[in-house]
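[1] please work out how this folds:
(2 chains)
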Amino acid sequence: MWIESTIALRFLREGRAQTTLILIGIAVGVSVIVFIVALIRGLQGNIVERTLGTQAHIKVEAPDEINRLAPLPAGTTRLVLETRRAQRLRSINNWQQVMAVLDGFPGVRAVSPVISGPAFARRGNAVESVALVGMDPIRYQRIIPLSEDIVAGQLKVGAGDAVIGRLLADDLGLKVGDKFRLAAGLGREAQLNIAGIFELGVRELDQRYVYLDLKQTQSLLDLPGGVTVIDITVEDIFTAQDAARRIAALTGLKAESWLDTNAQLVNALRSQSMSTAMISFFVAVSVAFGIASVLSISVVQRTREIGILRAMGTRQQQMLKVFLVQGAVLGLTGSAIGAFAGYGLVWVFNTFGPKLFYIPVAPTLVPLAMAIATLTGTVAAAVPARRAARLDPVVAIRHV
Amino acid sequence: MSDLAQSGSAEVLRLAGLRKSYNIGLPTELEVLHGLELTLARRDFASLVGPSGSGKSTLLNLLGLLDSPTAGDLYLLGQATRLLDDERRTALRAQAIGFVFQFHHLIPAFTALENVMMPMLVTHGRPSAETITRARGLLEEVGLAGFEGRKPQELSGGQQQRVAIARALITRPALLLADEPTGNLDTKTAAGVFELFRRFNREYGCAVLVVTHDPRLSAVCDRTITLVDGSIVSDELHSRT
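    As a prediction, this is how the structure comes out:
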């Protein structure tokens, strides 16, 4: 391989102008691919993180209540006019055992029991409708890292303490240490002290969520000892749907994954990934054609030299390798430059861009792009290399 | 190789009823060489002359194993070559034959020294110390000591042709083929090139066959083979001076 590589490198160095131009072409292509892949991955990661930052991957709830009809005696017909049942707030049966099972479920990272229901928050004459969320802070934090979003006070629930969203606090004119009243209907009321104020960045949540501990929420919602939802996070977020299906089958409860509740988002992410893949693919194809055409021209330009080399004992296989190596070297060098440029673009975006989100570059992206470019270069070189190898030395030597 | 060089009268090349046709099977089929018989021995210093179109180039390509005959056979160092595949022909060519072309044909991307070593490099890879020494020695012998690092385009036509001759000899070939080696050189330089051929023929005992138009040069050779219309019409030995 030594002499093949040496000849290949000398050929590339000698045709400096051509080599430089195609290297620029490859570099531009690779930098576009690296940048767009990093950008889209960053964007998607950011969207997913924001979406899942405020919700569990899987929510397990009690199954809906339905009307049951008595079995029909044989040979009779029945007309049914059904009024569907209102779904009252109710607890998951045996949730302690269910939770124990889910804790050991493969792929599950965290499980948190939650009791949630509607109420009114009142201060003076101002009334706001809110969603009570009773939880165990230690378990709940593993699902949604709420303490990171606390903007005032601290995350402390229980013993008359509550944590509310910033918008709700603004609406009711509350600050940490103030008191307000919660009414959950039928005279179940409580006075609470504001221990902390959070801001999740989602309007709906910041305006409506009131975090309490499990026990106080249970008594407010009149579900002693019960929980209405079990929140779950899984190791791999894209397997959530599958995990939800298995949990539902195992427990007989209703399990919904974030992929189901955010179907539109998932669809958008998929389309985005597909268009990125297509752009990358077509850029790679045009880079490959560029390499192939430059090497084809080189074969024509060097026909006589190829003839001489063959006359001096260079085998066809060796001639083939000379041009394959050129393709590989072009791919490798061009993509190295391109990867740097792509990194540069990402850096510029992160430093001077709109700063809506940060683009991380996966450490595997650059070596992967370089490996693919090298392979592409070699494959693109195959056609011209074959032509070079098959040149008839007699004809080639006389070529002018 | 050196064993062969010792045995002066050994046969290097033999043509047995060698024929070459083009466009076989087509209405335009044309036989260019009509059953040539020829033997070249170790010490031979021969010229091949003939008018253009007589088949000199075709014959030279066949002798150099760049092309294969239609019928008959060509024995190089006793080995029949017509049915060899490209791989084996290339290997035999690399081992046994040195080429000098009309237009020197050096590889521009390599220095004079690397060009001289090229036949060794493509067959053996990285040059050994011995190869480098031999290449330097050959460059010195063709009068180009000190030009090792020059690229071909930094050399004159005569110098380039001398590099090409050194290159043809690096493998110590049994047969040196030269196609109009002085075609684009002035008379003085041309005489110098022929002097080199003569010397290598004597010192290394390699058979030399030179295709030339120049009657003065062919007169310098020991033997003149005349090809007309694809047949050898005369093959005469000159008395050595």
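[2] how about the closest residue to chain A within chain B, nearest residue that isn't a chain neighbour?
    At 2.4 Å from chain A, residue B:94 is the closest residue in chain B, using C-beta to the nearest C-beta. Any C-beta I mention is one placed from the backbone N, CA and C, and that applies to glycine too. Once flanking residues are discounted, residue B:94 sits nearest to residue A:313: 2.4 Å by C-beta to C-beta, 6 or more residues apart in numbering or on different chains.
[3] pop out the phi and psi values for that neighbour.
    Note on residue A:313: its backbone torsions stand at phi 110, psi 10 [degrees, to the nearest 10].
[4] tell me who's in contact with it.
    B:90-91, B:93-95, B:119, B:122-123, B:171 (C-beta atoms under 8 Å, 6 or more residues apart in numbering or on different chains).
[5] quick revisit: which ones are touching the residue of chain B closest to chain A?
    A:312-313, B:119, B:122-123, B:171.
[6] find the centremost residue of chain B, please.
    residue B:177 (1.1 Å; C-alpha atoms, centre = their mean).
[7] so it makes contact with residue B:60?
    Yes: Residue B:177 lies in contact with residue B:60 (C-beta atoms under 8 Å); the separation is 6.0 Å.
[8] overlap of the contact sets of those two?
    B:209, B:211.
[9] tell me which residues in the one helix or strand residue A:20 maps to are buried?
    Assigned by DSSP states H and E, residue A:20 falls within helix A:16-53. Buried positions in helix A:16-53, judged by neighbour count with 16 or more other C-beta atoms under 10 Å in any protein chain shown: A:18-19, A:22-23, A:25-44, A:47-48, A:51-52.
[10] cool, stretch B:18-31 as well?
    B:18-20.
[11] and stretch A:245-252, by the same measure?
    Buried residues in stretch A:245-252 (16+ other C-beta under 10 Å): A:247-248, A:251.
[12] one step back: give me the element the residue of chain B closest to chain A is part of.
    Residue B:94 belongs to helix B:86-96, assigned by DSSP H and E.
[13] with just CA atoms, put that helix into PDB.
    Output of helix B:86-96 as PDB, limited to C-alpha atoms (Å, rounded to 0.1, in the frame of the first residue of the first chain):
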ATOM      1  CA  ASP B  86      -2.400  -9.400 -17.200                       C
ATOM      2  CA  GLU B  87      -1.100  -9.900 -13.700                       C
ATOM      3  CA  ARG B  88       1.700 -12.300 -14.800                       C
ATOM      4  CA  ARG B  89       2.500 -10.300 -17.900                       C
ATOM      5  CA  THR B  90       2.900  -7.200 -15.700                       C
ATOM      6  CA  ALA B  91       5.100  -9.100 -13.300                       C
ATOM      7  CA  LEU B  92       7.300 -10.500 -16.100                       C
ATOM      8  CA  ARG B  93       7.500  -7.100 -17.700                       C
ATOM      9  CA  ALA B  94       8.500  -5.500 -14.400                       C
ATOM     10  CA  GLN B  95      11.200  -8.000 -13.900                       C
ATOM     11  CA  ALA B  96      12.700  -8.500 -17.400                       C
END
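[14] returning to that earlier point: and the pLDDT at the residue of chain B closest to chain A?
    We have a pLDDT of 84 for residue B:94.
[15] what's the local residue count around the residue lying closest to residue A:159 once chain neighbours are set aside?
    Distance criterion C-beta to C-beta, 6+ apart; nearest residue to residue A:159, sequence neighbours excluded, is residue A:213 at 7.9 Å. For residue A:213, the neighbour count with other C-beta atoms under 10 Å in any protein chain shown is 19.
[16] test for you: state the pLDDT assigned to residue A:213.
    For residue A:213, the predicted pLDDT is 91.
[17] so who does it touch?
    Here residue A:213 is in contact with A:134-137, A:157-159, A:161 (criterion: C-beta under 8 Å, 6+ apart).
[18] if you set the cut-off to 10 Å instead, what comes out?
    By C-beta atoms under 10 Å, 6 or more residues apart in numbering or on different chains, the contact set of residue A:213 is A:115, A:134-137, A:156-162.
[19] how much space separates it from chain B?
    78 Å (C-beta to the nearest C-beta, to the nearest Å).
[20] and that residue, backbone torsions?
    Backbone torsions of residue A:213, given as degrees, to the nearest 10, read phi -90, psi 170.
[21] nearest residue to the residue nearest the centre of chain A other than its sequence neighbours?
    Nearest residue to the geometric centre of chain A (C-alpha atoms, centre = their mean): residue A:45, 4.1 Å. Leaving out its chain neighbours, the residue that sits closest to residue A:45 by C-beta to C-beta, 6+ apart is residue A:360, at 7.3 Å.
[22] is it true that the one you found touches residue A:42?
    Yes: proximity of residue A:360 to residue A:42 meets the contact threshold set by C-beta atoms under 10 Å, at 6.0 Å.
[23] find the residues that touch each one of the two.
    A:346, A:350.
[24] from the chain's centroid, how far away is stretch A:141-155?
    23 Å (C-alpha atoms, centre = their mean, to the nearest Å).
[25] list the buried ones in that stretch?
    Applying 16+ other C-beta under 10 Å to stretch A:141-155 flags A:141, A:143-144, A:146, A:149-150, A:152-153, A:155 as buried.
[26] picking up where we left off before, which helix or strand contains the residue nearest to residue A:45?
    Assigned by DSSP H and E, residue A:360 falls outside every helix and strand.
[27] how many residues are close by it?
    Neighbour tally, residue A:360, other C-beta under 10 Å: 14.
[28] burial of the closest residue in space to residue A:72 that isn't next to it in sequence, as a residue count?
    Distances taken as C-beta to C-beta, 6+ apart place residue A:78 nearest to residue A:72, at 5.8 Å, with adjacent residues excluded. If you count neighbours by other C-beta under 10 Å, residue A:78 ends up with 8.
[29] one more: residue A:302?
    25.
[30] could you name the helices and strands sitting against the lengthiest helix in chain B?
    Longest helix in chain B by number of residues, with DSSP state H as the criterion: helix B:187-204. Packing contacts for helix B:187-204, counted by 3 or more C-beta pairs under 10 Å, 6 or more residues apart in numbering or on different chains; DSSP states H and E, involve helix B:2-6, strand B:45-49, strand B:97-100, helix B:129-141, helix B:157-169, strand B:175-179, strand B:207-211, helix B:215-220.
[31] re the thing from before, now for the contacts of residue B:94, which pair is the farthest apart?
    For those, the maximum inter-member distance is 10.4 Å, found between B:122 and B:171 (C-beta to C-beta).
[32] which residues does residue A:104 contact?
    Contacts of residue A:104 (C-beta under 10 Å, 6+ apart): residue A:111.
[33] just the pLDDT for it.
    86.
[34] any stretches of chain A with poor pLDDT?
    A:400 (pLDDT under 70).
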